[in-house]
Structure formats: structure tokens, C-alpha cells
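1. what's the 3D shape of this:
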Amino acid sequence: MRFLIVTGLSGAGKTAALRHLEDSGFQCMDNLPPLLFQQAFTLCEKVELEKPVALGVDSRSGALFDAQALLDALDSSSASHEISILFLEADTETLIDRYKETRRDHPLSGSGVTLEEAIAKEREMLQPLRERANHILSTAGLRTRELCDRVDAIVARGDNYHSLRTEIMSFGYKRGIPRESDLVFDVRFLPNPFYIREIRAYTGLEAPVRDFVLGKEETKAFLTHLYALVDYLLPLYQKEGKRRLMIAIGCTGGAHRSVAISEALGEHLRALGKTVNVKHRDIALEEGSWSFRRDRSKEQA
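-> Next up is the predicted model:
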């Protein structure tokens, strides 16, 4: 398994980095006490996680923080897992300015301890982790977007972990447009299989309806334009930092035209090597309706 330990000074951007990694496909756990790292490695291995894991650790653990315990856990697990450390830091002046802006307390601040003293104490606590870090990133002067780009550059490999994840959902307009959709395409202009008695009992997942919908000249022309538009947009969404894109395709009921078009678009994107998940929101509801069951019974008879 692949583990990334995200640590560093408070106020240096660990929370933003972990949120970005989670959006990029990592399983993230933040503020994990070092004494629990060995159990975390064992648990992740036991459940056979299929994605990389990012573990956040810093001085917020308080009395539970033990740098040597973390290093011991890394040493005992490095033979069976790929483990790297990303250490985020910034100069003291930058950290003080950030705390002034957020008005939050430093984890090590307290009665009689100034912010500057707390930062210095934390540097000393985390120094063993900094010495073992595979990557040290100074975040002074970086905006959140720039920080995320730096994190991508550090941890990116050929596994496409940070590629745009595209979801395609068919739906029926009579039940409303999916609220989570980013792009919505209305295919109610296509010939409707519902009005063809011999095939209305089938769905867009089955050959009679699929062949009917995809065989129409209107559909072929539409798909040409749809493919071109989606192919153009996906790289732009990814460039802007979007990690998940929901494309909703709707017809009247959500069982015929929208299903066939969604599957066709999914096949097109997979052929280009894209990560795609196709869902059909309303197909089960339509199949469970009285009129659909009646037509299905007639067809089977």
C-alpha cells in the first residue's frame, strides 16, 4: 500500500493539503497520534484499501505526540508498504501573520507562552520528522491553489491519482434535475421509445431500446457534438482544479433515451482512458411503475 504522512508546522497548510489529497482520491485521516500509526497501517492493510492513504500528524496530539513512536512505526512498516513524508513549513513571521488573520490559538500556546515561543517549541518537536521527510515544502507566499499544485507535483506519479473523476447520471425530468450535477443535457428531443409498443417495456440498457435510440440519425449527430464538447471541457475543468465532474443526462422518465446516451458517453470516455462512473438514478423507479410492469409482462408473454 501507499502511505503519505503529512506533517509540519501549525499554520503551514496541512489542512488545505489534506483536503486537496482527499478530493484527489486519497483516504485521509487527520490529527492521528503517533502512537496509533502502527494500528492504522495494520487496519488499512486488513480492509485492503484500493487507494493511497494520507495520514496527518502534528503537535495537536499534545501529550500523545511522540515523534520516535512514529519513526519506529515507519521503520517496521516500510518493508511492506511504500511510505513517504511530506513536511510543510513556513518562516516564523509568515506563521504569526496567518494566526493573526485567523485569530486561532496555536496548539502549544498557553498561559505565559507567546505565539513566537509556541512556534519555536513546535519546530523543535517536529525536527525528527523533518529530518526524515522525503519532501519539504515551504508554503510562505503560496495561495491555496498554488499549494495544491505543489502537492500534486510532489506526489503525482503515473497512477493518475489526481485525474478528474467523471460521473454520468441518467435521470427523468418528471422527478427533477439532480442537484449535484455540473453539466445537464436534455435529450427529450430524440425519438421516444416509450411510444413504440414493442420496445417500451425495455430500458436503455437493453438492445431493443439501445439500438433504437443510438440508431437514429438525430442521435448520431447529437453524440458527435456531445463527445466533442465533453472532450473539450474535461481538460479545462481539470486545469481549474476540479476533481469530480457530474454530467447529468435527462429524458422524460429516465429509463430509455437518457440511459442509452449515458452509457454511450461513458464508453466514449473510457476509450480515451478517463475514469468514469455511470449511474442511472430513475431506471429502477420506472421499472417498478405499474405501466412499465404491465408492458414488460405483455412482452414476456
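2. any chance you could map the helices in the chain?
-> Here the chain has its helices, by DSSP state H, at 14-23, 37-46, 67-77, 92-102, 115-132, 144-155, 207-214, 217-239, 257-271, 283-287, 290-300.
3. okay, those helices, which one's buried deepest?
-> The highest average neighbour count among the helices of the chain, using mean count of other CB atoms under 10 Å, belongs to helix 257-271 at a mean of 22. Any C-beta I mention is one placed from the backbone N, CA and C, and that applies to glycine too.
4. what is the mean pLDDT for it?
-> Per-region confidence: helix 257-271 scores 96 on mean pLDDT.
5. that one - contacts with which helices or strands?
-> strand 165-172, helix 207-214, helix 217-239, strand 244-251, strand 275-280 (3 or more CB pairs under 8 Å, 6 or more residues apart in numbering; DSSP states H and E).
6. Throw these into CSV and include mean pLDDT, thanks.
-> CSV is the format used below for the helices and strands packed on helix 257-271 (pLDDT from 0 to 100):
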stretch, mean pLDDT
strand 165-172, 93
helix 207-214, 96
helix 217-239, 94
strand 244-251, 94
strand 275-280, 90
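7. tabulate those in CSV, adding columns for distance to Tyr195.
-> Output for the helices and strands packed on helix 257-271, formatted as CSV (distance: least, CB to CB, whole Å):
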stretch, distance to Tyr195
strand 165-172, 16
helix 207-214, 11
helix 217-239, 15
strand 244-251, 12
strand 275-280, 21
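8. out of those, nearest to Thr15?
-> Evaluated with CB to CB, these place strand 244-251 nearest to Thr15, the distance being 19.7 Å.
9. buried ones in the closest one?
-> Of the residues in strand 244-251, Leu245, Met246, Ile247, Ala248, Ile249, Gly250, Cys251 count as buried by neighbour count, 16 or more other CB atoms under 10 Å.
10. cool, stretch 7-15 as well?
-> Result for stretch 7-15 [16+ other CB under 10 Å]: buried residues Thr7, Gly8, Leu9, Ser10, Gly11, Ala12, Gly13, Lys14.
11. which residues of this structure score low on pLDDT?
-> The chain contains residues with pLDDT under 70 at 156-163, 241, 289-301.
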